[in-house]
Each structure stands twice: as C-alpha cells, then as structure tokens.
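Student: Got a predicted model here, sequence first, then my questions.
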Amino acid sequence: MSKNLGELAGRKGVNQTLFEELGIAARPAGSPSVEKMERLADEFVMGKANVYGAASFYDFLKPGNKGKKVYVCNGSSCMTAGTQSSLKEKLLNHFDANEIGEMCCLGRCHENSSFHIDGKNYSGNAIDEIISIKKDNSVVSDKYNVSLYGTAVLTAAFPGIKEYYSILAGALKKTTDELLQELKVSGLRGRGGAGFPIAIKLEGCKKEISTQKFIVCNADEGDPGAYSDRYLLEQQPHRVLLGMMIAGYISGADMGVVYIRAEYPEAITITQKAIDELHQQKLLGENILGSGFDFNFKVIGAQGAYICGEETALLSSIEGQRPEVRVRPPYPVQKGLFNKPTVVNNVETLACIPYVIKNSGQKFANIGIGKSTGTKLISLDGYFNKPGIYEVDMGTPLSVVVNELGGGFRSSIKALHIGGPLGGLVPVEKINDLAIDFESFSKNGFLLGHASVVCIPENFPIIKYLEHLFEFTAHESCGKCFPCRLGSTRGAEMLKKAQESDYKIDRKLFDDLVETLEIGSLCALGGGLPLPVKNALQYFDKELSVYFKRS
Ligand SMILES: Cc1cc2nc3c(=O)[nH]c(=O)nc-3n(C[C@H](O)[C@H](O)[C@H](O)COP(=O)(O)O)c2cc1C
Ligand code: SF4
C-alpha cells in the first residue's frame, strides 16, 4: 500500500509536496480544515484517511495546535534546569493559557531556557523584552561558545563562496570512482547516531539504475540537548550544501532535499539564503561549471515530530504520508523518496565531505582513533560553565571536554545524558573512562550518538528523568509496533505512580517491559530507550530501589 502511495506522492515531484501543502493550509488557524484536507486528498489522488492520518500526526498540524501564539521549550535540558514553569508563569501575564503551547526542543540548550514566538526562537531571558518582541518580533541574539580542540574540519572560518566552491570545481574534474575511493579511505561514518560508513551508502545508490535519485539531508536534529546541526546550518550552511552536491555527483543524484525541523526557523531561512546565493553565482542548475553535472536543492520545513529524524519516517513525511517507520529492506538507497534511490545522511556527516575531497581521505583518516576517524561536534548544555559547540578530534578524552572545554559544571551534577534520549546515562564517575569515539562509548555500555550532553543535577530525581524518557518516547512513537506504542506508555505510568503514591514497581515486570522494548521494536526509538533505563538501573540502583519491589 505505502509503496503505491510513494509512487503517487512523487507525481508532482519534490517541488510541490502534499506535506508542504498541509503546512500552508495550517497557517491561518494552526491546523488544516477538514474541507482543505479533502481538497488536497483529491488534488494529490490520495485517500482522505491518508491525508487526515498524516496531518493529525504532527505537533504543529494537530487541532490542539489551533490558537497557539507562543511555545515554551520542554526539552530535557530546560526540564532538568527547572526553568520553564516560571517562564510560563511570566508568559501568562501576556498571553491566555490556551495560547501557550510546548515545543521540543528549540536547540537553545546552552541557555537551558527558551521560547518561540511567531517563527522566531528566543532565550528564556528575553522574557524581559516580551513587550517589544510582541510588538515588532525583534530578534534577540543567540550567543554560545564555538571552539576547537584539534583539527578544524567543520568550524574553520568560511573563506567565501568563490574560494570554497573551488573544491567543487576540483571534484567535478575527477571521476566519481576516484571521489568515492577518497571517502572510503577517509572512514567517514554517519554522525546522526548509527555511525554507518557514508561511502557504502553512496556506492549503493551509485549502482542503482534510475532516472531520478535524491540526496536527503537529515536536519531534523530532534535529540533534546543537541544543537550542533543547528550551528552548521546557521553558521556553516555551505559546508552542508557542498557536501550534498559532491554526494549527488558521486551517486548520480541531481536533487538535494534539506529536511529541517520547524523548531529551527532561523536555520530554514539561512539555508534557503545560502541556496539562493549559489543560484546567483550560477553554481546550481544544469551543467554546473561546464561539467555536465546538474544539481538543485529543495528546503522542506518539518512540522514537529521526533520520529521524522528516523530516515524512513522522514521519507514518508516528505511524501505526505503518515511518517511511520518502514521495514528494511528495501533500503533507501534502493527505494527511498518516491521509491527512487535515495541517500539520507545527517547534516554533520555531509558537512565533512568537502574537507575529505579537498584534503584527501587519508588526511581525514589520520585524525581520530581506530574506526572513529575525523572530528566530532559536541553540544554542551547550560550546566557547563562554558556551554557551547566544541569540535574535537575523535578520541579526545571526555574529561577534556567536560573540564577543559566546558570549564566544569556550575553546580553539582550526578550524570550526563550523552547522545540524545536514546543515548546512555553516564554517571559522573565514569567520565574518566570515556573518550569521544564510537567504540569507547559502546565498549563501556553507552552510546556516542550525536554527542549532545545534557547534565542531570544532583537534586534531580533519576526516576523523574526516566519518566521523562518514557513519556517522550510515548509522545513520539509512530505507533507502528506495539512494544514501543504500548510499552512506552505503560512504563511512564508505572514510574509516575511510584512517585505519586506508595505503589512499588514490580522489578521483574519492569525488566520484562524493557527487554520487550529492546528486542521487539522495529526501530531505535522503542529499541533504544532501554539503554539509558538500564544504565540508570545499574548506576543509580540505590536511589531507585525505593520505588521497586523484587518479586
Ligand atoms: C527515533 C530516531 C530519531 C532519529 N533522529 C535523527 C535526527 O534527528 N538526525 C539524524 O541525522 N539522524 C537521526 N536518526 C538516524 C537516522 O535514522 C539515520 O540513521 C541517519 O539520518 C543517517 O545519517 P548518518 O549516516 O549520516 O548518520 C534517528 C533515528 C531514530 C531511530
Ligand atoms: S519502535 Fe516505536 S517509533 Fe519505532 S517503528 Fe516501532 S512504534 Fe514506531
């Protein structure tokens, strides 16, 4: 069924998608009307149920979104900092309660407090300027440290379009096999979480025979605590765009789609502006630099759904289908967007490509350690004395990141949640055992993931944090498989009840639930939740034991 829908959705191409039409239809009231959805269903030859099913999935298209004028961030960093309820109270002096919604997460984790009004994000402190913000939607600056420890692959100063795109001119003179070989030698692995080698994906797509192929940049950066993709899109957009173009040249794709989360409105505008600059410089379109290579971009703003960061859900989202995770195989490189061969990569992965092509795969491979080559961007939250984005060589000790780059903690911290909601919960006593590389983390029972760091203060109950993770999963579950759909809600209920009454959680039942999630979930949302839960049960057993009974 969804295979046919994928074909149908592609008839109008990527420049006019049902997904975007639904977003446009939602603008006046915050949610598309039933009449409009029915008209869109007819226009796109989709079933009415399919269109309604898609629209009702997203936070920003749901009827509950109607009438919202301001949103407070409810991501993990803002939650552990406990800043948002007082922010909400202050907002109540300027808005009705039903005009205030929630967003997760605005990527201002360096401030541990944030809100969104009318397409712009503000720091929590900007509440003091709320009257002028309401009046003229003024932009309040967003300052965070950006610093380097090792090689500048991603954070080097941008030299200007002319000089930077000489990398493209050089690449287009080489064969696609030569470029692919450089990427193989580089050992570049995906930065979006799974660490899959990019060269294998590009080679897979290159081998497919098709009249149309796509490069999709996954800029959905949904992990609360992470804002490194936001940094790249807002401050280094050409690294990402050039990476996509070279990926397109290698794999035979002529269209790049940048799918950017709605919670990053500035990133959407800046990326589009960078694409416009490329058009002005005649670096896009047909026969680029006389090479015979054609390439264009399309920016798509998402509508608020964490699961759309999962690559197959993301593709369904662009197609205007309900963004449910797809069973693989077929893999996106075989049947991806509109059933055409598609390479999906994270922002940071793509942004590394120009460095590899300019400096050689070997030079990139010389940075880092073992199979974790190159550098990694780390996002530090506002519990650090020097919060910000840090680029470090892979293999850098975590203690250096925490104590030297981050300047230590500004209050007492008991654990670091590294790598997003599905990453490991690292107790502070393990900091000295870890280094920023995929293997170091997995060997120690954690996950590097996208390398965001959310601090859990000493006085923040771990049980409350676990409840937050189960609730997050329950809210974001695509609902396709029941261990995740039901298990996340049951887990959240148990953890809540144990905090609010003298109810004790049956440990065996809880362990069964966690195991079912781990082995029975289709994707790493339900399948990944057990990792931080098991870390918590192992390292915070004493704190948690009062909430459990052993049968
Ligand atoms: C629930 C879930 C959310 C995800 N969110 C993101 C995301 O926001 N950004 C991202 O790049 N990858 C995300 N991923 C991983 C993607 O599915 C995919 O592996 C990635 O885009 C591949 O790019 P990479 O190889 O460059 O990392 C997510 C995966 C899951 C299971
Ligand atoms: S694990 Fe959850 S998000 Fe993933 S496919 Fe199953 S229901 Fe969907």
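Tutor: Cool, got the structure. Ligands and ions are numbered 1, 2, ... in the order given.
Student: Distance-wise, check whichever residue of the stretch 51-200 of the chain sits closest to ligand 1 relative to G222.
Tutor: Using Cβ to the nearest ligand atom, the single residue of the stretch 51-200 of the chain nearest to ligand 1 is G190, 2.0 Å away. Yep, even glycine has a C-beta here, placed from its N, CA and C like the rest. Noted for G190: a distance of 16 Å to G222, by Cβ to Cβ, to the nearest Å.
Student: The two: who's more crowded?
Tutor: Between G190 and G222, counted using other Cβ atoms under 10 Å, the more crowded position is G222 (26 against 21).
Student: give me every residue that touches the closest residue to that one other than its chain neighbours.
Tutor: Among residues not flanking G222 along the chain, Y306 sits closest, at 4.0 Å (Cβ to Cβ, 6 or more residues apart in numbering). Y306 makes contacts with 104, 220, 222, 472, 475-476, 525, as judged by Cβ atoms under 8 Å, 6 or more residues apart in numbering.
Student: out of the residues you listed, which touch ligand 2?
Tutor: L525 (Cβ under 6 Å from any ligand atom).
Student: want to try JSON lines for the contacts of Y306, with secondary structure, pLDDT and distance to I519 as columns?
Tutor: Formatted as JSON lines, the contacts of Y306 follow (DSSP: H, G, I helix; E, B strand; the rest coil; pLDDT from 0 to 100; distance: Cβ to Cβ, whole Å):
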{"residue": "C104", "secondary structure": "coil", "pLDDT": "90", "distance to I519": "27"}
{"residue": "D220", "secondary structure": "coil", "pLDDT": "97", "distance to I519": "26"}
{"residue": "G222", "secondary structure": "coil", "pLDDT": "92", "distance to I519": "24"}
{"residue": "F472", "secondary structure": "helix", "pLDDT": "96", "distance to I519": "21"}
{"residue": "H475", "secondary structure": "helix", "pLDDT": "95", "distance to I519": "23"}
{"residue": "E476", "secondary structure": "helix", "pLDDT": "96", "distance to I519": "20"}
{"residue": "L525", "secondary structure": "coil", "pLDDT": "98", "distance to I519": "14"}
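Student: Export the contacts of Y306 to TSV and append columns for distance to ligand 1.
Tutor: Shown next, in TSV, are those (distance: Cβ to the nearest ligand atom, whole Å):
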residue	distance to ligand 1
C104	12
D220	4
G222	4
F472	10
H475	12
E476	7
L525	4
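Student: Show me what from the stretch 251-400 of the chain comes close to ligand 1.
Tutor: 307, 309-311, 344-346, 349.
Student: Now tabulate the residues you listed in JSON lines and tack on neighbour count, pLDDT and distance to ligand 2.
Tutor: Formatted as JSON lines, those follow (neighbours: other Cβ atoms under 10 Å; pLDDT from 0 to 100; distance: Cβ to the nearest ligand atom, whole Å):
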{"residue": "I307", "neighbour count": "26", "pLDDT": "97", "distance to ligand 2": "5"}
{"residue": "G309", "neighbour count": "26", "pLDDT": "97", "distance to ligand 2": "11"}
{"residue": "E310", "neighbour count": "28", "pLDDT": "98", "distance to ligand 2": "7"}
{"residue": "E311", "neighbour count": "26", "pLDDT": "98", "distance to ligand 2": "12"}
{"residue": "V344", "neighbour count": "25", "pLDDT": "98", "distance to ligand 2": "16"}
{"residue": "N345", "neighbour count": "27", "pLDDT": "98", "distance to ligand 2": "20"}
{"residue": "N346", "neighbour count": "26", "pLDDT": "98", "distance to ligand 2": "18"}
{"residue": "T349", "neighbour count": "25", "pLDDT": "98", "distance to ligand 2": "22"}
